[in-house]
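In: Provided below for reference: sequence and predicted model.
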Amino acid sequence: MAWLLVVVAGLLETGFAVCLKLSHGFTRLWPTVAFCIFALGSFGLLTLSLKKLDVGPAYAVWTGIGASGTAIYGMIFLGDVVSTLKIVSISLVIIGIIGLQLSGSSQ
């Protein structure tokens, strides 16, 4: 259950990173509001998960999901450059996330 919280928190991290860009320096109201909601949710779920998980693997998985998700979202929806190296690198991050999750505690 704690790992599920980390995964959802990582997805919410993707949401707050995208909303941060869309807020244009917090000058647009609704992306700024969405940023706050996603950020509070992400940090809140990460905090709950850390009651049961080691901080190193949980934090690495959280940031890895957020970074990978944000990069993928940017390539699909925001016109970010797509390259073979970028796709391979994201794949390696995801493989690392899976490895960390499998090597961490069993909660």
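Out: Yes, it's here.

In: next one: the longest helix along the chain to chain centre, how far?
Out: Under DSSP state H, the helix in the chain containing the largest number of residues is helix 55-77. Using C-alpha atoms, centre = their mean, to the nearest Å, the distance from the centre of helix 55-77 to the centre of the chain it belongs to is 4 Å.

In: give me the buried positions along that helix.
Out: Within helix 55-77, the residues scored as buried using 16 or more other C-beta atoms under 10 Å are 57-62, 64-75. C-beta coordinates here come from the backbone N, C-alpha and C atoms, glycine included.

In: beyond that helix, next helix or strand please.
Out: Per DSSP states H and E, helix 55-77 leads on to helix 84-103 as the next helix or strand towards the C-terminus.

In: now do that next one and helix 55-77, the angle between them.
Out: Comparing the axes of helix 84-103 and helix 55-77 via axes from the mean of the first three to the mean of the last three C-alpha atoms, to 10 degrees yields an angle of 150 degrees.

In: I'd like the average pLDDT over helix 84-103.
Out: On average, the pLDDT along helix 84-103 is 91.
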